[in-house]
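1. sequence? don't have it. structure:
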């Protein structure tokens with residue numbers, strides 16, 4: 001058998017069966033540098049964090065994409081409603097009361113002769129503002145109280161737990177009827193303050209349980225053994241690993257707060273005219289449901305779609321952040 005000439009640009013790589021195979025030097029180097037190369041000799045791939053895994057799952061979830069697009073559209077029209085609706089939502093013409101769809105008013109007119117399309121578009125601003133601000137307030141206030149109670153425990157935890165039980169015992173709608181009936185302000189801030197006042201206990205309990213679970217991990221004990229302060233342990237080690245359940249609950253609750261604002265406005269204790277709100281429009285259109293059902297259906301449909309979008313977004317985020325569902 002003729003002797004094969006030696007080629008320096010070739011390399012011999014061992015096979016799993018104990019034999020050998022020829023590889024070009026560039027190919028051999030590529031296999032060595034590839035994470036998880038042949039026989040596991042390559043360097044291990046960089047581990048992904050919970051957030052990177054969650055974002056990868058969310059991008060592949062059609063429920064998240066659809067709900068995110070709907071919410072993005074709502075945010076845009078909340079900031080710039082004049083992009084798709086011309087005219088003022090407070091401009092009404094009684095001569096057109098209860099009229100149906102026509103040029104310039106695709107949704108028709110309500111009982112006061114107001115353009116239902118324009119009022120529906122401008123009503124998104126109120127709902128999104130109330131939902132986002134109430135959710136941020138509830139998440140921050142509840143997370144701080146619950147996190148501190150779960151981290152320090154003892155008497156602080158016992159006192160906070162009893163206060164939480166008291167607020168849980170207050171019916172939300174009944175509390176709104178009592179507290180907001182004495183408020184004369186016509187802005188969204190009393191409604192937001194009421195939601196934060198009665199909404200923080202749920203987030204507080206979630207944050208407390210998540211912090212109690214996280215502080216028992218080995219990396220927290222190691223940080224404490226190295227002399228890390230309580231503030232550093234809580235902010236750098238516990239909070240990033242305990243915030244996921246809070247985000248999930250807060251995202252789902254955002255749609256609930258939007259529906260609650262519409263309910264309170266419908267009952268007459270939330271926002272009041274001349275404010276523009278879906279709840280106000282639904283309340284004003286209810287007596288004319290037989291003669292002008294369009295005045296009721298369009299704001300009701302917008303409210304239902306908005307609440308559904310935020311609930312779907314919360315479900316998608318929960319599925320992505322919960323390791324048990326992977």
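-> Okay, I see it. Being a predicted model, the structure only gives us computed values, none of them experimental.
2. now the helices for the stretch 101-250 of the chain?
-> 116-152, 154-168, 172-179, 189-214, 218-225, 230-232, 239-242, 244-266 (DSSP state H, counting those that start in this stretch).
3. Could you export those as CSV, including mean pLDDT?
-> Formatted as CSV, the helices of the stretch 101-250 of the chain follow (pLDDT from 0 to 100):
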stretch, mean pLDDT
helix 116-152, 92
helix 154-168, 87
helix 172-179, 89
helix 189-214, 91
helix 218-225, 86
helix 230-232, 86
helix 239-242, 85
helix 244-266, 91
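4. so which of the ones you listed gets nearest residue 66?
-> Proximity to residue 66 (CB to CB) singles out helix 244-266 among these, at 14.6 Å. For glycine as for every other residue, the C-beta is placed from the backbone atoms N, C-alpha and C.
5. Show me what that closest one is packed against.
-> Under the contact definition 3 or more CB pairs under 8 Å, 6 or more residues apart in numbering; DSSP states H and E, helix 244-266 sits against helix 116-152, helix 172-179, helix 189-214, helix 278-285, helix 294-321.
6. Spit out the contact partners of residue 263.
-> 173, 270, 279 (CB atoms under 8 Å, 6 or more residues apart in numbering).
7. how many other residues sit next to the nearest residue to the second one once chain neighbours are set aside?
-> Think residue 270. What sits nearest to residue 270 in space, not counting adjacent residues and going by CB to CB, 6 or more residues apart in numbering, is residue 264, at 3.2 Å. Residue 264 has 23 neighbours, counted by other CB atoms under 10 Å.
8. for residue 256, same thing?
-> Based on other CB under 10 Å, the number of other residues close to residue 256 is 19.
9. cool, and the one 10 residues further on?
-> Residue 266 has 18 neighbours, counted by other CB under 10 Å.
10. In this structure it contacts residue 283, no?
-> Yes - under the criterion of CB atoms under 8 Å, residue 266 makes contact with residue 283 at 4.4 Å.
11. What count of nearby residues applies to residue 93?
-> Residues lying near residue 93 (other CB under 10 Å) number 12.
12. returning to that earlier point: now the contacts of residue 263: which count as buried?
-> 270, 279 (16 or more other CB atoms under 10 Å).
13. can you put the contacts of residue 263 in JSON lines and add distance to residue 91?
-> JSON lines is the format used below for the contacts of residue 263 (distance: CB to CB, whole Å):
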{"residue": "173", "distance to residue 91": "33"}
{"residue": "270", "distance to residue 91": "23"}
{"residue": "279", "distance to residue 91": "21"}
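14. before we move on, back to that, indicate which one of the helices of the stretch 101-250 of the chain is closest to residue 81.
-> Going by CB to CB, the one of the helices of the stretch 101-250 of the chain nearest residue 81 is helix 116-152, 5.0 Å.
15. relative orientation of the closest one and helix 218-225 in degrees?
-> Put simply, helix 116-152 runs at 60 degrees to helix 218-225, going by axes from the mean of the first three to the mean of the last three CA atoms, to 10 degrees.
16. Remind me what helix 116-152 packs against, helices and strands.
-> Using 3+ CB pairs under 8 Å, 6+ apart, helix 116-152 is in contact with helix 62-79, helix 154-168, helix 189-214, helix 244-266, helix 278-285, helix 294-321.
17. Quick one: mean pLDDT over the longest one.
-> Read it as helix 294-321. The average pLDDT for helix 294-321 rounds to 91.
18. In that helix, which residues are buried?
-> 294-300, 302-303, 306-307, 309-321.
19. so who does residue 271 touch?
-> By CB under 8 Å, 6+ apart, the neighbours of residue 271 are 126, 186, 188, 191, 261, 264, 265, 277, 279, 280.
20. returning to what we had before: would CSV of the helices and strands packed on helix 116-152 with distance to residue 120 be doable?
-> Below are those laid out as CSV (distance: least, CB to CB, whole Å):
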stretch, distance to residue 120
helix 62-79, 10
helix 154-168, 34
helix 189-214, 20
helix 244-266, 12
helix 278-285, 7
helix 294-321, 5
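21. Can you say which of the helices of the stretch 101-250 of the chain is nearest to residue 84?
-> helix 116-152 (6.1 Å).
22. Could you tell me the angle between that closest one and helix 154-168?
-> Angle of helix 116-152 versus helix 154-168, following the same axes, to 10 degrees, is 150 degrees.
23. Can you check the distance spanned by stretch 101-114, start to finish?
-> 12 Å (CA to CA, to the nearest Å).
24. Residue 284 and residue 112 touch, don't they?
-> Yes - with contacts counted by CB under 8 Å, residue 284 reaches residue 112, the gap being 7.2 Å.
25. tell me the pLDDT at residue 31?
-> For residue 31, the predicted pLDDT is 41.
26. any chance of the helices of the stretch 101-250 of the chain in a markdown table, plus distance to residue 85?
-> Shown next, in a markdown table, are the helices of the stretch 101-250 of the chain (distance: least, CB to CB, whole Å):
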| stretch | distance to residue 85 |
| --- | --- |
| helix 116-152 | 4 |
| helix 154-168 | 39 |
| helix 172-179 | 29 |
| helix 189-214 | 23 |
| helix 218-225 | 52 |
| helix 230-232 | 49 |
| helix 239-242 | 42 |
| helix 244-266 | 19 |
